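Undergrad: Sharing a sequence plus its predicted fold:
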Amino acid sequence: MPKRSKDQLIAEILSVCQGAGASKTRIVYQVNMNFHTIKPHLDLLIEKALLDVVQGVPVLYRTTRRGERALECLRAIEAIYS
């Protein structure tokens, strides 16, 4: 299996976090990463306002409207190369 690009990883994370959001554990398992490597990606997406952090137990990460638009763009770009 070829190595995924950063854009592909970001698209997968944004996709998992759509709707009600997702815990870090759910993101790690669905994106097939580990807790150490997912943190920089989550931090970047939060910094760029593509993900919101919903405080609670557990903490949830939810895709913002801006994140939804970014996901659409990333999917469109991926479709060009497919």
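TA: Here it is on my side, so go on.
Undergrad: if I look at Ser5, how far off is Lys48?
TA: Ser5 sits 17 Å away from Lys48, going by Cβ to Cβ, to the nearest Å. Every residue, glycine included, has its C-beta placed from N, CA and C.
Undergrad: Does the most centrally placed residue in the chain lie in a helix or a strand, and which?
TA: The chain has Ile13 as the residue nearest its centroid, 2.0 Å off, counting by Cα atoms, centre = their mean. Assigned by DSSP states H and E, Ile13 belongs to helix 6-16.
Undergrad: Which helix or which strand is home to the residue nearest to Ser23 when sequence neighbours are not counted?
TA: The spatially closest residue to Ser23, leaving aside those adjacent along the chain, is Pro58, at 4.3 Å (Cβ to Cβ, 6 or more residues apart in numbering). Assigned by DSSP H and E, Pro58 belongs to neither a helix nor a strand.
Undergrad: what's the answer for Arg62, then?
TA: Per DSSP H and E: Arg62 is located in strand 60-63.
Undergrad: Could I get the buried residue list for that strand?
TA: Neighbour-count burial for strand 60-63, counted by 16 or more other Cβ atoms under 10 Å, picks out 60-61, 63.
Undergrad: Now for Gly47: which residues touch it?
TA: For residue 47 the amino acid is Glu, not Gly. Neighbour list for Glu47: empty [criterion: Cβ atoms under 8 Å, 6 or more residues apart in numbering].
Undergrad: any idea how far it lies from Ile80?
TA: 27 Å.
Undergrad: hang on, the earlier thing: any chance of the buried residues of strand 60-63 in CSV, plus distance to Leu74?
TA: CSV is the format used below for those (distance: Cβ to Cβ, whole Å):
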residue, distance to Leu74
Leu60, 22
Tyr61, 17
Thr63, 12
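Undergrad: Show me which of those is closest to Lys24.
TA: If you rank the buried residues of strand 60-63 by distance to Lys24 using Cβ to Cβ, Tyr61 comes first, at 7.1 Å.
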